[in-house]
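Student: Generate a structure from the sequence data that follows.
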Amino acid sequence: MCLLQRTLHAILSALSLLLGGSRKACPEQREALKVLRQVQKLLTDHEASYLRGMRTLSRRLNQLKGQLQIQEDKDSCPPLKPPRHGRVLGRKLKAGHELHFLCDPGYQLTGSESRTCMNNQTWSGQPAICSELMSVANTTSTTLRPAECSTFQGIQHCACDPGYVIQSGGLCQDIDECDLYQGKAGSKICVHECVNTLGSYNCVCPRGYLLDAHPNSCKDIDECVSNRSACTGGEQCVNLYGGFTCVRPECPKPKMNVTYVKISGHQCERTPCPLGSSSCMDAPHSISFHYIPLQSQLPVPRVLFTMTAPRSQGDSQRFTLTRGKAHRGLEVRQAGRHRGELLLTKSVSGPAEIQVDVEMAEMSPQGILGRHVFTVTLFVSQFTF
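Tutor: All right, here's what the predicted structure looks like:
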């Protein structure tokens, strides 16, 4: 009961005693007593209402506390026990937090060193296990398996599956074919990369290649055929060993009365020359673009490209390397009156891009009738296959 109500109760008790001792109370006293009793009733009602409100508020707070606890449980992962002979670092179990595991001295951790609480209230990784360093389970690695043994006439005979070799103690040790053969010249079992597996091995090809039917071979993927949208409009797709590239051959810009027009995706022709323009007459009649993919370290000599005149006007042709002379591994050879060859005379290691210009001059007894330029680009892969 509040202080004000206790005070009113004391006043009412005193007035009741006073009025009770007098037969005739004046109207003012009786009216005051009536008012005080009404105030007491009003305060009693307010106190009851206040207590009901407090009980309702207490219930609501308990409900909210329970809901918050449920929500926290939903956002948390179940607690993880430390591994036997080890301990766990970290206490937070909410999504995004990590726990770390350590083993006691003399024990080795297998499984995950760290595990993260994920949004689905599960832990990432594998359970952490602390195993004794010198235990049989550790010394017997995954490359060992029991041999198949049988006893005949008191003598035990043990055998291993293909890809394993017998060891002491009736165990079969996996043969690492990659370590045994791949690193030795002349005995490579994979053209690119060898991956040892239990009882066997796998050959792996680099990106841009597929493992051929023969497990030692890698077959180049022609991206220009398998992916027709590899290059944008106006570009030409050139397949390379282990990839592709997009090229856009362009005719030379007009200069000194010399103008070229593109007649195909890889050839430009000179427009008719103005009367008396010697600079135009001396310019090549045509320019063609050629792209050749090569493997690294090809055996030499090797013919890379054969050239003939588009329209033969003279008695013979003369072929000259006009750009790319600095590269000593390329030469031009006259293979006939109307034919020339671009030769690779020195092995090239990739990756590399080499561009040369070969000029073909049409000859007659009166001199040069015309010239044609072959722009040849070599794309040398980093791979030898």
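Student: going forward, measure contacts and count neighbours with C-alpha atoms only.
Tutor: Fine.
Student: low pLDDT regions in the stretch 201-350 of the chain?
Tutor: In the predicted model, the stretch 201-350 of the chain carries pLDDT under 70 at residues 213, 215, 228-229, 309-314, 325-327.
Student: the strands in it, which residues?
Tutor: Along the stretch 201-350 of the chain, the segments classed as strands by DSSP state E, counting those that start in this stretch run 209-211, 218-220, 236-240, 243-247, 260-264, 267-270, 286-294, 302-308, 316-323, 330-336, 339-344.
Student: would JSON lines of those strands with distance to Arg59 and mean neighbour count be doable?
Tutor: Output for the strands of the stretch 201-350 of the chain, formatted as JSON lines (distance: least, Cα to Cα, whole Å; neighbours: other Cα atoms under 10 Å):
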{"stretch": "strand 209-211", "distance to Arg59": "69", "mean neighbour count": "16"}
{"stretch": "strand 218-220", "distance to Arg59": "74", "mean neighbour count": "19"}
{"stretch": "strand 236-240", "distance to Arg59": "75", "mean neighbour count": "20"}
{"stretch": "strand 243-247", "distance to Arg59": "71", "mean neighbour count": "16"}
{"stretch": "strand 260-264", "distance to Arg59": "86", "mean neighbour count": "15"}
{"stretch": "strand 267-270", "distance to Arg59": "89", "mean neighbour count": "20"}
{"stretch": "strand 286-294", "distance to Arg59": "81", "mean neighbour count": "19"}
{"stretch": "strand 302-308", "distance to Arg59": "90", "mean neighbour count": "16"}
{"stretch": "strand 316-323", "distance to Arg59": "92", "mean neighbour count": "19"}
{"stretch": "strand 330-336", "distance to Arg59": "93", "mean neighbour count": "16"}
{"stretch": "strand 339-344", "distance to Arg59": "92", "mean neighbour count": "20"}
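Student: Figure out which of those strands is closest to Tyr181.
Tutor: Tyr181 sits nearest to strand 218-220 of all those, at 18.1 Å, using Cα to Cα.
Student: Show me what the closest one is in contact with.
Tutor: Residues outside strand 218-220 that contact it (Cα atoms under 8 Å, 6 or more residues apart in numbering): 191-192, 205, 208-212, 241-242, 385.
Student: quick one: strands adjacent to that strand?
Tutor: strand 209-211 (antiparallel) (DSSP bridges).
Student: Next up, the contacts around Phe319.
Tutor: Applying Cα under 8 Å, 6+ apart to Phe319 gives the contacts 332-334, 340, 358-361.
Student: Likewise for Gly329?
Tutor: Shown here is Gly329, whose contacts under the criterion Cα under 8 Å, 6+ apart are 344-348.
Student: what's the closest of those to Gly111?
Tutor: Within the set of the contacts of Gly329, Val348 lies nearest Gly111; the separation is 47.5 Å, counting by Cα to Cα.
Student: What count of nearby residues applies to that closest one?
Tutor: 20 (other Cα atoms under 10 Å).
Student: likewise Glu223?
Tutor: With neighbours defined by other Cα under 10 Å, the count for Glu223 comes to 19.
Student: and if you look at Glu177?
Tutor: Applying the criterion other Cα under 10 Å, we find 20 residues in the vicinity of Glu177.
Student: one step back: and the contacts of strand 218-220, which is closest to Leu298?
Tutor: Distance to Leu298 across the contacts of strand 218-220 (Cα to Cα) is lowest for Phe385, with 9.3 Å.
Student: which one is that closest one nearest to, not counting chain neighbours?
Tutor: Spatial nearest neighbour of Phe385, chain neighbours left out: Gln295 (6.0 Å); criterion: Cα to Cα, 6 or more residues apart in numbering.
Student: with the contacts of strand 218-220 in mind, which one is nearest to Val300?
Tutor: When those are compared for distance to Val300 (Cα to Cα), Phe385 comes out closest, at 15.4 Å.
Student: so what's the closest one up against?
Tutor: With contacts taken as Cα under 8 Å, 6+ apart, Phe385 has the following neighbours: 191, 218, 241, 295-296.
Student: Could I get the buried residue list for stretch 212-219?
Tutor: 216-219 (16 or more other Cα atoms under 10 Å).
Student: any idea which of the contacts of Phe385 is closest to Ser226?
Tutor: Taking Cα to Cα as the measure, Ser226 sits nearest to Tyr241 out of these, at 14.4 Å.
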